[in-house]
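[1] Sequence and computational prediction follow.
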Amino acid sequence: MKEVRINFKTTFDADGKNKDAMTFYTEGTMKKDKDSFIYTYDETKILGSKTPVIGQLEVGSDFVSRSISGEESYVMNFREGLVERSLYHTPEGVFSTEVSTKSIKNNIVDGLGDIELEYYIRFAGSESVKNIISIKVDELHND
């Protein structure tokens, strides 16, 4: 298991009038699975939760899965051409999402590098919006 620093930059409504971006950094661990890398990190402060929320990212050669579990929970699976419906659980209730992956650019070598996900998301029957998530994974050096 290796300690890593993960940088997430999400651009919301990337080609719309309400374009916005959010960036966050976190530290976590990385382990190699058969054909993928699994990163585990804490999202508690990012989500402003009073109880622990654990994030997990799994990156394979042609897919990415992102999930959180705790006060809020969801699983989002990204694979080019895949349209997936899932449920997003929040303290305010549960709502459905539909994610359609447009592209995945994967430049991960030995678990380090960067990934870019371009996808359309629709919440509970609303109009779909294009989002882009750029993820950079570096080895954490405790100097």
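    Done, it's in.
[2] residue boundaries of the strands in the chain?
    With DSSP state E as the criterion, the chain has strands at 2-12, 20-32, 36-42, 54-60, 64-69, 74-78, 83-90, 93-109, 112-123, 129-139.
[3] and the direction of the shortest one versus that of strand 129-139, what angle?
    Between strand 74-78 and strand 129-139, the angle comes out at 90 degrees (axes from the mean of the first three to the mean of the last three Cα atoms, to 10 degrees).
[4] Which other helices and strands does strand 74-78 contact?
    strand 64-69, strand 83-90, strand 93-109 (3 or more Cβ pairs under 8 Å, 6 or more residues apart in numbering; DSSP states H and E). Bear in mind the C-beta positions are built from the backbone N, C-alpha and C, glycine included.
[5] what is residue 36 paired to in the beta sheet?
    Residue 36 has these beta-bridge partners by DSSP bridges: residue 60.
[6] Kindly provide the distance from it to residue 61.
    Distance, residue 36 to residue 61, by Cβ to Cβ, to the nearest Å: 8 Å.
[7] worst average pLDDT in the strands of the chain?
    Here the lowest mean pLDDT among the strands of the chain goes to strand 83-90, at a mean of 90.
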